[in-house]
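Novice: With the input below, show me the fold.
(2 chains)
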Amino acid sequence: MTTARAHLAGLMLFVATVAGIALAQCAKSEAVSNESDAAIVDNELLAFLSLARAHHHEANLLEDDGDVGGAIGALQKIVDAPKPHAGERVPEIEEVLADAYARMAELELRRKDTAAAKRDVEAGLSHATEPTYFRGHLLEVFGIVEETRTADLKDAGNLGESEIARKHALELLHQAVDVQEGVINHVLDAGTK
Amino acid sequence: MSPREIDNPDAPPSEEEIRESERLRQALEKNEAHDGADFLRAVKNASAPRPLEKDALDAAVARALGTESTKRGGALVVRVTFGASVVLAAAAALLLLFGRNLVLSRAPAPAAELVRARSTQPLFVAKFDARGGESARIDRIALARASDLRENQFAKWGLPRDRGRK
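Specialist: Modelled structure (predicted):
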């Protein structure tokens, strides 16, 4: 074997070894990065949260002034705002939207618009599909909406529809209790581990 | 040669100049050592070098490497080359496997180590009131995630994260 060939063979051995190790490292890194596909907490997410916070406080001021419609309008800006990480379900965004809809439903109830309140709470539930306090709260608000409808329908003499609304209210409130108990038990279990 | 003659470029050559020019001509013809001839040959080789012959190249390489092309010497070079390559590869492997944390300890954190979006449920230890409370909840959520974002920024800058905050 000549000197030049010896150098070449040595170089090839070195390159092959390093390349093999590098590939193994790459595979390992990929495995780690695939552990969670959730979005990273970044500027865009925080910008949305900041926007939501500002509109909630705007709604506070308007509500204090008795401007319920203005307060609902401020909250509507949250649900209409562009959402970061389009195409992904970002838990924070979903929960903030769920809570915004819950507050809008409460305000609609204050101005006696049960139909709008029902629409809001149903929209909110689509953003709170997991058993969390957010979903439990929405179910609770939904139950109160149905309770209000029960009374309204009864006052209007529509006893049949009133009874249906009453049963639905009870069902929703039971669901709310189940969800809340589940969350509380989950929290307690996690605390004992 | 007098200063007057040096100052006059049209003066006829002196005997000394004629002797020196003859010595230079002979040195160039016979390829002998001579300051002037060496300089002229260097100028010529720089502008129009002769082709390098194979024997001369091999001899120059052998001199530079300090090795002669004997069989025993060649075998030694083979062993040394393989040995050095294996040691170098082993060192690189060890650095990749065990030195990674050392190298990356102040490097920007990979995405897998950054704080990710997740449910805000753990921020709330009790069920929500039947009415109201949304404004206070968004306050808590925004503040908590602002803290996460700061940690991510620090991690991206290669600063250690406060892992106890999660």
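Novice: Next one, pLDDT for B:K71 please.
Specialist: Confidence per residue is given as pLDDT, and for B:K71 that number is 52.
Novice: all strands for chain B, in order.
Specialist: Per DSSP state E, chain B has no strands. Nothing in it meets that criterion.
Novice: got any ranges where it has weak pLDDT?
Specialist: Low-confidence segments of chain B, defined by pLDDT under 70, span residues B:1-7, B:67-82, B:86, B:93-108, B:112, B:160-166.
Novice: for chain A, same thing?
Specialist: Judged by pLDDT under 70, the stretches of chain A that qualify are A:1-36, A:191-193.
Novice: Apply 90 and report the result again.
Specialist: Using pLDDT under 90 as the threshold, the predicted model of chain A has low-confidence ranges A:1-38, A:87, A:180, A:183-193.
Novice: Contact partners for the closest residue to A:N43 other than its chain neighbours?
Specialist: Of all residues not flanking A:N43 in the chain, B:L149 sits nearest, at 6.9 Å (C-beta to C-beta, 6 or more residues apart in numbering or on different chains). The way it works is simple: take the backbone N, C-alpha and C, and place the C-beta from them, glycine included. Contact partners of B:L149, counting by C-beta atoms under 8 Å, 6 or more residues apart in numbering or on different chains, are A:V41, A:D42, A:N43, A:L45, A:L46, B:V115.
Novice: who wins for most neighbours among those residues?
Specialist: Greatest neighbour count in the contacts of B:L149, by other C-beta atoms under 10 Å in any protein chain shown, goes to A:V41: 26 neighbours.
Novice: and that residue, what does it touch?
Specialist: A:V41 sits in contact with B:L114, B:V115, B:R116, B:A117, B:R145, B:D148, B:L149, B:N152, where contact means C-beta under 8 Å, 6+ apart.
Novice: Mind doing that once more with 7 Å?
Specialist: With contact taken as C-beta atoms under 7 Å, 6 or more residues apart in numbering or on different chains, A:V41 is in contact with B:V115, B:R116, B:A117, B:R145, B:D148, B:L149, B:N152.
Novice: Check A:D80 too.
Specialist: By C-beta under 7 Å, 6+ apart, no residues touch A:D80.
Novice: do you know how far it is from chain B?
Specialist: Shown here: A:D80 relative to chain B, a distance of 16 Å by C-beta to the nearest C-beta, to the nearest Å.
Novice: distance of that residue from A:I72?
Specialist: Between A:D80 and A:I72 the computed distance is 12 Å (C-beta to C-beta, to the nearest Å).
Novice: anything in contact with each of those two?
Specialist: Residues touching both A:D80 and A:I72 (C-beta under 7 Å, 6+ apart): there are none.
Novice: Show me where chain B has its helices.
Specialist: Taking DSSP state H as the criterion, chain B contains helices spanning B:3-7, B:15-30, B:35-47, B:54-65, B:71-98, B:100-104, B:134-156.
Novice: Return the most buried member of these.
Specialist: For these, the stretch with the most neighbours on average is helix B:134-156, a mean of 18; neighbours defined as mean count of other C-beta atoms under 10 Å in any protein chain shown.
Novice: In PDB, list the C-alpha atoms belonging to that helix.
Specialist: Included here for helix B:134-156 are C-alpha records, laid out as PDB according to Å, rounded to 0.1, in the frame of the first residue of the first chain:
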ATOM      1  CA  GLU B 134     -63.000  36.200  33.600                       C
ATOM      2  CA  SER B 135     -61.000  39.400  33.800                       C
ATOM      3  CA  ALA B 136     -59.000  38.200  36.800                       C
ATOM      4  CA  ARG B 137     -58.400  34.900  35.000                       C
ATOM      5  CA  ILE B 138     -57.000  36.500  31.900                       C
ATOM      6  CA  ASP B 139     -54.800  38.600  34.100                       C
ATOM      7  CA  ARG B 140     -53.400  35.500  35.700                       C
ATOM      8  CA  ILE B 141     -53.000  33.600  32.300                       C
ATOM      9  CA  ALA B 142     -51.200  36.600  30.600                       C
ATOM     10  CA  LEU B 143     -48.800  37.100  33.500                       C
ATOM     11  CA  ALA B 144     -48.000  33.400  33.700                       C
ATOM     12  CA  ARG B 145     -47.300  33.100  30.000                       C
ATOM     13  CA  ALA B 146     -45.300  36.300  30.000                       C
ATOM     14  CA  SER B 147     -43.000  34.600  32.500                       C
ATOM     15  CA  ASP B 148     -42.800  31.600  30.300                       C
ATOM     16  CA  LEU B 149     -41.900  33.800  27.300                       C
ATOM     17  CA  ARG B 150     -39.100  35.400  29.300                       C
ATOM     18  CA  GLU B 151     -37.700  32.000  30.100                       C
ATOM     19  CA  ASN B 152     -37.800  31.000  26.500                       C
ATOM     20  CA  GLN B 153     -36.000  34.200  25.600                       C
ATOM     21  CA  PHE B 154     -33.300  33.500  28.100                       C
ATOM     22  CA  ALA B 155     -33.000  29.900  26.900                       C
ATOM     23  CA  LYS B 156     -32.700  31.100  23.300                       C
END
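Novice: Pull the distance from that helix to the chain's centre.
Specialist: A distance of 43 Å separates the centroid of the chain from that of helix B:134-156, by C-alpha atoms, centre = their mean, to the nearest Å.
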